[in-house]
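>>> after the sequence you'll find the predicted model.
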Amino acid sequence: MAAASKAGPRNLITDVAGLSVGNAQDDGLKSGTTVLVCDEPAVCSVSVMGGAPGTRETDLLEPDKTAPGVDALVLSGGSAFGLAAAQGVMDALHKEGRGFPVLSARVPIVPAAILFDLLNGGGKDWGDNPYPALGAQALAAASDTFALGSVGAGTGAQTAQVKGGLGSASMVVDGITVGALVAVNPMGCVTTPSGQHFWAAPFEIGDEFGGLGSEPTQGLQDLQPSAKFSAMAGLGNTTIAIVATDAVITKAQAKRLAVAAHDGMARAIVPSHSPFDGDLVFALGTGKKALDTPDIQLAALGHAGSVCLARAIARAVWEATPAKGDTLPTFRETLG
């Protein structure tokens, strides 16, 4: 693959053919769910590098496991409660006749990952778990276009200093499309110590997250004290992401793509992969375009995935909007 690249037409993960994304949220809850659904089962694997993950059905995504593909992926708020969003998605897909065939039965494969947003000022005194319904609603809303910022799994997300959110970005390199989708809720900072720039600025395409440029101060800088960390004693974190490509890749290659994409998280969040984060990346391939030299091109796909993820993280924070009861401001509010 050549180095030249550009954003896809939507600059969303749905620039990867065969994918749709839907969001659902409860503004009183300050939480929500995002669902990525595949037109056809897609090859998928996962890499977890944070110390506090919350997941469902991720073991079967390892290259040595039997399941050949996934029907959908779920990113959700709600901590462990939010894993139930995948059940709502699974039940709805089952009604549609989707799923892995086992003789006369069909079992939709819907892995999920969650972030912790239980202490963000929203009402969490529910009776029945709200997340199965949110999962089903997000699936029903799935489309090739979707909102970013304080929506879906990013509704109640927070960073160290400002609100987090849901982000996405894409890149086309030599006719192969790569995209990222991310719910940004880290312990660390997405903005530099001055509070005026994004760590991901060197990878920005156009002005997709404000065109503010890179931090002008040179050398190592001390990070600002984390408002979020102080308020929550280190709890309440995790950045969860999906990186996808329309290339034909194996499950083992999807694993390597997921691992490489974590570089984007480290470029956009400081610090990342902490003991208090459940940082995770799913990677999938829709198998629309064959690679000429898969082993060589896989390295370029990994780099593209990491760049897309870094950009998507900054876009999530840039697009966040204020809401009643917020405990942290949006980034744009801090700019004055």
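Noted; the coordinates are in hand.
>>> what about the residue nearest the centre of the chain, distance to Val190?
In the chain, the residue lying closest to the centroid (C-alpha atoms, centre = their mean) is Val182, at 1.9 Å. Distance, Val182 to Val190, by C-beta to C-beta, to the nearest Å: 11 Å. For the C-beta atoms, the positions are set from N, CA and C on the backbone; glycine is no exception.
>>> and for these two, which residues touch both?
313, 316 (C-beta atoms under 8 Å, 6 or more residues apart in numbering).
>>> what separates stretch 311-321 from the chain centre, distance-wise?
Centre-to-centre, stretch 311-321 and its host chain are 11 Å apart (C-alpha atoms, centre = their mean, to the nearest Å).
>>> list the contacts of it.
Contacts for stretch 311-321 (C-beta under 8 Å, 6+ apart): 148-150, 154, 157, 159, 162-169, 180-184, 190-191, 198-201, 203-205, 208-210, 239, 241, 264-265, 268-269, 330-332.
>>> out of the residues you listed, list just those in helices.
By the criterion of DSSP state H, membership of the contacts of stretch 311-321 in helices covers 264-265, 268, 331-332.
>>> highest neighbour count among those?
Counting neighbours by other C-beta atoms under 10 Å, Ala268 comes out on top of the ones in helices among the contacts of stretch 311-321 with 33 neighbours.
>>> quick check: that residue touching Pro202?
No. Using C-beta atoms under 8 Å, Ala268 makes no contact with Pro202, being 10.3 Å away.
>>> which residues in this protein form helices?
With DSSP H as the criterion, the chain has helices spanning 79-82, 85-95, 131-140, 227-232, 251-268, 294-318, 331-334.
>>> now those helices in CSV, with distance to Gly219?
Formatted as CSV, these follow (distance: least, C-beta to C-beta, whole Å):
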stretch, distance to Gly219
helix 79-82, 38
helix 85-95, 44
helix 131-140, 44
helix 227-232, 24
helix 251-268, 18
helix 294-318, 21
helix 331-334, 23
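>>> which of those has the lowest mean pLDDT?
Here the lowest mean pLDDT among the helices of the chain goes to helix 227-232, at a mean of 69.
>>> beta partners for the residue nearest to Gly77 when sequence neighbours are not counted?
Spatially, and ignoring its direct neighbours in sequence, Gly77 is nearest to Ser31 (3.7 Å; C-beta to C-beta, 6 or more residues apart in numbering). Beta-bridge partners for Ser31, by DSSP bridges, are Asp26.
>>> run a quick neighbour tally on Ser31.
Residues lying near Ser31 (other C-beta under 10 Å) number 30.
>>> check contacts around it.
Ser31 is in contact with 25, 77-78, 82, 117, 120, 122, 124, 155-156, counting by C-beta under 8 Å, 6+ apart.
>>> cutoff 6 Å now
By C-beta atoms under 6 Å, 6 or more residues apart in numbering, Ser31 lies in contact with 77-78, 117, 155-156.
>>> now those residues in a markdown table, with pLDDT, neighbour count and distance to Leu93?
Below are those laid out as a markdown table (pLDDT from 0 to 100; neighbours: other C-beta atoms under 10 Å; distance: C-beta to C-beta, whole Å):
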| residue | pLDDT | neighbour count | distance to Leu93 |
| --- | --- | --- | --- |
| Gly77 | 97 | 34 | 21 |
| Gly78 | 96 | 27 | 20 |
| Asp117 | 94 | 30 | 25 |
| Thr155 | 97 | 31 | 23 |
| Gly156 | 95 | 34 | 26 |
